[in-house]
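Q: Sequence plus predicted model, see below.
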Amino acid sequence: MPSLILPFGTAGLDRLSGEMAVRPGSLRDARNVFVRGGKIEVRRGMEVTATLPDQGGAACTHIPLLAAMRFEAASVAVGYYEATRELHLYRLTGEGANPTHIGLLFTLDAQAESPPRLHADEVGGRLFIAHDEPIQSRRAATYVYDPLGTSNLYALEADFSGAGQAPVRFRGVLAWHGYLVGWGFASATENRPEIVRVSLPGQPTEWDKDHYFLAGTRGDPVLSVRPAGGHLLVRKASETYRIHGSSHLDFGILPLHSLSGTLGHQLSIEIDGRLYDWSAEGPVLYTGAAEPGRLEEPLNLRGEQPEDFEGIDYTDGYVQYHVGLRVVEWVFGTRSFCLDLGSGQWSYGESSFSRASGALLYSGTSLADDLDEAPTGFPTNVAAAPRATTATISWDNNGTDGNETAEVWLRQDGGEWYLAAQVAVSGASQQATVGEDDPLVVGADYEAAVRFRRGGRYTPGYESSDPSDWPASARTTFTTLLEAPTLDSLEWSRVSSVSERIRVRFTPADPGVSHDVLRGGVAIARLDPGVNVYDDYDITGETEHSYRVRAVAGVFESDPSNALTQWAGPEPPPSNATYTDTTVPCGGSGSNTAHDVSWSNGDPSLETEVLVAGAAVLVVAPGGTSASVCADPANPRISVRHRVEAFGVYDYTRSISATMEPT
Amino acid sequence: MIPQAFAAERGNRIVRLDSGHDDAGAPIAFEVESAAVAPAGVGGDCDFDRVRLVVTSSAPATLSITPVLDGEALDGSRHTITLPAAPREQTRVYELVLRRVSSSGRTYGVRGTWLSLRIAGTLYGGGRISIEPAQVDFDVLSPTQERP
């Protein structure tokens, strides 16, 4: 009986050619396999190495960025928390494990695309992170993560408008020839998405506002910048430009392809000078000089799609390189397209794990390790001064050289340790405040630990990522507590004909907590964290009111602050009021006599009202300090007070009783 | 420094790629379908008798091999192969006889013009699986007639 060979994996996936034209060895479908060397190989799996924790009770819903920190053989991930729209930065090992919370990266604008898209690149041990949001007003600043710096995370700033330093908001960044290239941002006041800017050479945080390229039509945004063939390719939706040269002395930009662009920066990758990208026509190959190579034909993307591949949004994906397999994989959620660079063959990928981003991470000896000696110094006398949501950790430096960085780690109630602060080592003793970016929990027990590092190396005995393994002298414990705020001032004023108020100002001991305002010992208002002024309109005029303030966090309350009182009216009142009885009978019947009254003005700009037996009998013009009234010599009951008119209403100071002037 | 591919989830997990035998706990299902062949030509008729399949594996898995005749998957002619876990890779040749069974229980050959193979499987443990070319035995019943 005759036979024939039905070869697999020699011609790869071919959905376009008809039965008569297809090459022997072609496959009509190939899922979760790689096609190479005349064989079909089942791909391997995905092993979970880390899970990003909740933040403030919100679960991480998306990880838009995973990036290598080659300088330290470490990596970073950014978790997006949809419930709060917060993005948090984590540091991981070079094997994608042990996430350490670095801090809040930014809070996504309410109108920005969610989940967000981020791009990052590393220059000189620092990672630059850009928010790829099309609308500039909704775009977050470009952030710098500097693990060796005293300030780990900060917004990149530059003077692009001549009005001084301001946050930079690039859509993407790329490290290239010692420069940092950023695109999509002209200045805070000018929206020029076609601009590509270049930093000063070797100084990725220093920018000259005149060092930029204009790529094509004004307003047509640059979506990606990648190297290919020794040049930089500037990619728009339907155009490609080429930046040539290697320094600002010979840089130039020329149009390269007038009809070919990209669907997004995250869909392209440069491997050995060749740029693999997913364009509107499908996957393409750029070498920087020739026409783009068409890679999409075997996939027949314009034909009927394979089962479960219908409706893929080709803009919502990213590209991943499997370095050992030499496979480029374009990932769209749970589906992917895999190009084997060795054989040029395609296959599909499917998984239940929906991927959002990917990267090559680097483990092993870091570049920082090569540069730096391990420190020998160690901390002693580690102590904590806790407040409600922050604490000051102090320690003594022993055997330090001054070029180390001190790491302060925390854990709450015996939970997982996390890196809470980093400061440059300086002097014989020092301190660091924890909880400012990531507030501590009030009333909770904490353990703090301190160690030193130089670059990526630690003092021997302190290398473990579990501070419980460090010497006990590096640790201390504390319990957060609520300190009473300070009541600073009270101020009365009339605000309308029917309304007056007392303004309460205080200084919180911890600005991260709420505060209750107490009048007469009764709480009348609760103020949000950060609010330290309260206007009390619910007051009775011409009455003295007493206030205190206390801090509140959940069920915890601080002691009340100092007390202050305020007269609900103008102040100060007159003083030194005296009278003399002239014994001269005066008006009406009975035995009343004329009394000369004098006083000192509390506020000479105000009128003074003289009262006899509680009834106003005359008003003295501002500046006046004496008057004559008729009163019962046996019980004159003379008093004075100032008054002021506003909004057609009189308000009065406290009244001062006049005493008989000694003879 | 050793580069390795990692990915992050539309969720909260980070994974190492090309590692292990499942996708974060979910088994990996794979499938390939070859292009079709017509040994008797596009107007001819063949009796496809059997297929020999060369599989090299160390991973435990189940393979199902389904002949697709003239575009129709012959589920009744599907063969299932269980690959055992093995400490090292082993190469085996599986000879799969292609037969159809009628509703009355009568067995007859797989006869038609175009034949392709669909191979599907699921990995259950660590190891590798590779599938090499298949050999198809056939008889030409009526070749494509050439016009004089």
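A: Yes, it's here.
Q: sec struct for residue A:66, please.
A: strand (DSSP: H, G, I helix; E, B strand; the rest coil).
Q: which residue is nearest the centroid of chain B?
A: The structure's chain B has its C-alpha centroid closest to residue B:119; by Cα atoms, centre = their mean the separation is 2.1 Å.
Q: Give me the contact status of whatever helix or strand that one lives in with chain A.
A: Residue B:119 belongs to strand B:115-123 when assigned by DSSP states H and E. Yes: applying Cβ under 8 Å from any Cβ of the partner chain, one finds strand B:115-123 in contact with chain A at B:116, B:117, B:118, B:119, B:121, B:123. The C-beta positions use only the backbone N, C-alpha and C, and glycine is treated the same way.
Q: Specify the beta-bridge partners of the residue nearest to the centre of chain B.
A: Counting by DSSP bridges, residue B:119 is bridged to residue B:32, residue B:65.
Q: Now do it, the pLDDT please.
A: On pLDDT, residue B:119 comes in at 94.
Q: residues touching it, list them.
A: Applying Cβ atoms under 8 Å, 6 or more residues apart in numbering or on different chains, we find residue B:119 in contact with A:40, B:31, B:32, B:33, B:53, B:63, B:64, B:65, B:66, B:131.
Q: what about 10 Å?
A: By Cβ atoms under 10 Å, 6 or more residues apart in numbering or on different chains, the contact list for residue B:119 reads A:8, A:27, A:29-30, A:33, A:40, B:30-34, B:53, B:55, B:63-66, B:79, B:81, B:131, B:134.
Q: In ChimeraX, how would I select the buried members of these?
A: Only the buried members of these end up in this ChimeraX selection, burial being decided by 16 or more other Cβ atoms under 10 Å in any protein chain shown:
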select /A:8,27,29,30,33,40 /B:30,31,32,33,34,53,55,63,65,66,79,81,131,134
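Q: can you tell me which of the contacts of residue B:119 are in helices?
A: Taking DSSP state H, every one of the contacts of residue B:119 sits outside helices.
Q: can you list the domain ranges for chain A.
A: A:375-479, A:486-567, A:575-660 (automatic domain parsing).
Q: Just say which of those domains is most tucked in.
A: Per-stretch averages of neighbours, counted by mean count of other Cβ atoms under 10 Å in any protein chain shown, single out domain A:375-479 among the domains of chain A, with a mean of 18.
Q: first vs last residue of it, how far apart are they?
A: Distance between the two ends of domain A:375-479: 31 Å, counting by Cα to Cα, to the nearest Å.
Q: Can you tell me the closest non-neighbouring residue to the residue of the stretch 551-663 of chain A found nearest chain B?
A: Residue nearest to chain B within the stretch 551-663 of chain A (Cβ to the nearest Cβ): residue A:554, separated by 26.2 Å. Spatial nearest neighbour of residue A:554, chain neighbours left out: residue A:442 (6.3 Å); criterion: Cβ to Cβ, 6 or more residues apart in numbering or on different chains.
Q: sec struct for the one you found, please.
A: The three-state label given to residue A:442 by three-state DSSP is coil.
Q: What confidence value was assigned to it?
A: For residue A:442, the pLDDT comes out at 83.
Q: Make sure it is actually in contact with residue A:412.
A: No: assessed by Cβ atoms under 10 Å, residue A:442 is found out of contact with residue A:412, at 11.2 Å.
Q: Common neighbours of these two, please.
A: Shared contacts of residue A:442 and residue A:412 (Cβ under 10 Å, 6+ apart): residue A:480.
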